[in-house]
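A.B. asks: sequence? don't have it. structure:
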Ligand code: TEU
Ligand code: CA
């Protein structure tokens with residue numbers, strides 16, 4: 001088996017619409033990415049995960065694809081894409097593309113054909129059902145509010161859309177559809193890409209009867225997720241994809257899997273399963289949501305975060321592989337969410353980076369995380385663009401009559417546009433992202449928080465992330481060492497130990513703005529330790545003993 005290079009890699013996610021605009025139309029583009037590859041090389045990342053750049057009407061900013069093998073006009077041309085890939089590979093940066101095959105856009109030619117008639121050859125590429133008592137075939141809710149079914153007058157049937165009504169779900173039970181997906185994957189792999197991130201890939205197998213979900217007496221909809229996540233043929237489909245396509249290339253794959261558990265993740269990622277290399281879990285991203293879902297705000301309990309991440313570390317310690325992330329284009333900015341985007345923004349961003357990057361698994365950095373970009377709080381819903389947010393606002397404020405202030409508070413804390421405000425390159429207008437009018441307003445803190453300022457500050461979060469990445473290259477214990485949580489009950493510290501071939505790491509993270517005392521584990525007391533990294537710049541060699549951590553302080557000691 002070829003070396004599993006993705007176990008030693010650090011991945012950087014680019015959301016192309018918001019990364020860098022090269023032609024002044026206010027929309028990020030591929031040439032804009034190519035012009036920033038030296039910046040990424042300086043950071044030290046190994047792989048870029050590029051969110052979708054395929055043709056799309058942008059109902060969900062490219063996650064609604066109308067042609068899988070054409071580049072979206074706003075982003076540039078196939079020649080631009082080929083040049084970007086060549087320039088990445090010249091810099092020894094690999095590229096994984098976003099594979100969105102649970103659904104297409106309703107403007108995809110397959111769907112345009114499928115809805116023409118019940119006996120159209122493409123009918124079974126999608127999931128159509130007859131009305132039930134004149135209503136939707138079941139009680140499922142869309143992730144983007146409202147029913148998960150849309151009625152089509154022409155053929156008198158409903159089609160399923162777990163996401164927006166412009167994102168009809170593909171029918172993976174239909175083998176010709178699966179073959180078309182595999183051909184498309186080979187098209188991109190034969191162009192030289194190095195793998196795929198797979199969008200909600202554990203949704204492609206649904207319960208064949210599509211039964212009603214559990215519905216409380218006050219609920220408008222039922223919970224369909226047990227029937228559209230991790231369905232009965234999911235492993236068969238992923239193994240078929242692996243055998244038909246992936247196993248013929250030296251690539252990495254990561255499956256985005258809402259609702260997946262660590263135990264299920266073993267079946268998706270263990271080597272002998274020949275399915276995927278790793279998965280994105282959502283468990284740690286749901287810990288600050290109440291029973292009403294993501295918009296129902298709940299303070300994070302650090303012990304919950306420790307239990308969740310430690311569970312994933314232990315479950316996949318000897319089989320399968322973890323992906324490690326705090327941020328992506330769907331999640332609010334971590335320094336605002338689990339850190340402090342005020343007085344301790346820099347310290348807490350560095351601490352959060354330490355806590356994640358010293359764990360076992362492949363770390364993912366989302367654009368702007370490396371300079372400590374924060375959430376945004378636009379006053380008016382008019383300033384927000386994300387379909388998930390706009391649909392929720394319409395549903396809660398306009399249809400349910402909820403208070404605007406309350407709904408706007410949830411949007412400020414959890415809205416996906418927090419991650420999609422344009423990358424802040426410098427202190428010039430619009431943060432140097434565009435010379436035009438940005439498609440989404442830039443965070444007003446760009447004069448203080450931007451890449452140029454970071455590159456000119458030796459103490460910046462950028463150089464701290466650069467150091468974390470280079471430590472992973474230097475010490476196999478970080479990549480391959482065991483993981484053991486310590487001080488589990490401590491409400492403020494997230495401390496853990498790594499061990500490998502006689503070496504040990506002691507990783508200390510203060511998740512609060514107060515000074516905290518800590519006790520050194522038995523095995524470390526009195527031992528001479530080198531300080532690999534600290535966000536308060538301490539001295540290098542110490543004799544370990546109990547001590548104190550400053551607000552949001554992180555330290556990594558190595559013994560042996
Ligand atoms: O996200 C899947 C998904 O479930 C997310 O929508 C997540 O639950 C929600 O955004 C949390 O707020 C993937 C893509 O990452 C997302 O951008 C797409 O909108 C979605 O699938 C549909 O393709
Ligand atoms: Ca542009």
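C.D. replies: Looks like it came in fine. Note that the coordinates shown come from a computational prediction; the quantities given were computed from them, not determined experimentally. Ligands and ions are numbered 1, 2, ... in the order given.

A.B. asks: which residue is the nearest non-sequential neighbour of residue 229?
C.D. replies: residue 259 (4.2 Å; Cβ to Cβ, 6 or more residues apart in numbering). The C-beta positions use only the backbone N, C-alpha and C, and glycine is treated the same way.

A.B. asks: same deal with residue 244?
C.D. replies: residue 182 (4.8 Å).

A.B. asks: give the pairing partners of the one helix or strand residue 363 maps to; include direction for each.
C.D. replies: For residue 363, the element it lies in under DSSP states H and E is strand 362-366. Sheet pairing of strand 362-366 (DSSP bridges) gives strand 11-14 (parallel), strand 323-324 (parallel).

A.B. asks: how about the residues of this protein near ligand 1?
C.D. replies: Within the chain, the positions near ligand 1 by Cβ under 6 Å from any ligand atom are 60, 63, 100, 143, 163, 199-200, 256, 258, 294, 329-330, 388, 416.

A.B. asks: now render the residues you listed as a markdown table, adding neighbour count and distance to ligand 2.
C.D. replies: Below are those laid out as a markdown table (neighbours: other Cβ atoms under 10 Å; distance: Cβ to the ion, whole Å):
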| residue | neighbour count | distance to ligand 2 |
| --- | --- | --- |
| 60 | 22 | 19 |
| 63 | 24 | 19 |
| 100 | 27 | 22 |
| 143 | 18 | 29 |
| 163 | 23 | 26 |
| 199 | 20 | 23 |
| 200 | 23 | 28 |
| 256 | 23 | 26 |
| 258 | 19 | 31 |
| 294 | 22 | 30 |
| 329 | 23 | 18 |
| 330 | 22 | 23 |
| 388 | 23 | 24 |
| 416 | 21 | 21 |
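
A.B. asks: so which pair among those residues is furthest apart in space?
C.D. replies: 100 and 294 (20.7 Å; Cβ to Cβ).

A.B. asks: okay, now the domains of this protein?
C.D. replies: 11-102+175-463, 109-160, 482-559 (automatic domain parsing).

A.B. asks: report the rounded mean pLDDT for the shortest one.
C.D. replies: What it means is domain 109-160. Averaging pLDDT along domain 109-160 gives 98.

A.B. asks: now the terminal residues of it, how far apart.
C.D. replies: 17 Å (Cα to Cα, to the nearest Å).

A.B. asks: do stretch 128-135 as well
C.D. replies: 13 Å.

A.B. asks: buried set for it?
C.D. replies: residue 128 (16 or more other Cβ atoms under 10 Å).

A.B. asks: gap between it and the chain center?
C.D. replies: On the basis of Cα atoms, centre = their mean, to the nearest Å, stretch 128-135 sits 35 Å off its chain's mean C-alpha point.

A.B. asks: shouldn't residue 95 be within a strand?
C.D. replies: Yes: counting by DSSP: H, G, I helix; E, B strand; the rest coil, one finds residue 95 located in a strand.

A.B. asks: so it sits against residue 87, correct?
C.D. replies: No: taking Cβ atoms under 8 Å as the definition, residue 95 is not a contact partner of residue 87, at 10.2 Å.

A.B. asks: distance to residue 4 for the domains of the chain - can I get that in CSV?
C.D. replies: Shown next, in CSV, are the domains of the chain (distance: least, Cβ to Cβ, whole Å):
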stretch, distance to residue 4
domain 11-102+175-463, 7
domain 109-160, 33
domain 482-559, 17
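
A.B. asks: and residue 471, which of those domains is closest to it?
C.D. replies: Nearest of the domains of the chain (Cβ to Cβ): domain 482-559, 5.9 Å.

A.B. asks: now that closest one: average pLDDT?
C.D. replies: Averaged over domain 482-559, pLDDT sits at 94.

A.B. asks: first to last residue in it, what's the distance?
C.D. replies: Domain 482-559 end-to-end distance (Cα to Cα) = 15 Å.

A.B. asks: again with stretch 335-351
C.D. replies: 10 Å.

A.B. asks: what of stretch 490-509?
C.D. replies: 11 Å.

A.B. asks: how about stretch 306-325?
C.D. replies: 14 Å.

A.B. asks: now do the contacts for the closest residue to residue 36 other than its chain neighbours.
C.D. replies: Spatial nearest neighbour of residue 36, excluding adjacent residues (Cβ to Cβ, 6+ apart): residue 20 at 5.4 Å. Residue 20 sits next to 28-29, 32-33, 35-36, 423, 425, 433 when contact means Cβ atoms under 8 Å, 6 or more residues apart in numbering.

A.B. asks: just to revisit the earlier point, before we move on, which element is the residue nearest to residue 229 in?
C.D. replies: Using DSSP H and E, no helix or strand contains residue 259.

A.B. asks: give the contact list for residue 229.
C.D. replies: By Cβ under 8 Å, 6+ apart, residue 229 lies in contact with 202-203, 257-260.

A.B. asks: next one: residue 384
C.D. replies: So residue 384 contacts 378, 390, 393, 411, 415, 417 (Cβ under 8 Å, 6+ apart).

A.B. asks: hang on, the earlier thing: next SSE after the helix or strand that contains the residue nearest to residue 244?
C.D. replies: Assigned by DSSP H and E, residue 182 belongs to helix 175-189. The helix or strand immediately downstream of helix 175-189 is strand 195-198, counting by DSSP H and E.

A.B. asks: chain center to that next one: distance?
C.D. replies: 12 Å.

A.B. asks: and the next helix or strand past that strand?
C.D. replies: helix 225-228.

A.B. asks: which residues are in contact with that following helix?
C.D. replies: So helix 225-228 is contacted by 140, 162, 203, 206-207, 210-211, 213, 258-259 (Cβ under 8 Å, 6+ apart).

A.B. asks: C-terminal to it, what's the next element?
C.D. replies: Helix 225-228 is succeeded, C-terminally, by helix 234-244 (DSSP H and E).

A.B. asks: show me what whichever helix or strand comes after that following helix is packed against.
C.D. replies: With elements assigned by DSSP H and E, the helix or strand that comes after helix 234-244 is strand 252-256. When contacts are defined as 3 or more Cβ pairs under 8 Å, 6 or more residues apart in numbering; DSSP states H and E, strand 252-256 packs onto strand 94-99, strand 195-198, strand 278-280.

A.B. asks: redo that, cut-off 7 Å
C.D. replies: Contacts defined by 3 or more Cβ pairs under 7 Å, 6 or more residues apart in numbering; DSSP states H and E place strand 252-256 against strand 195-198, strand 278-280.
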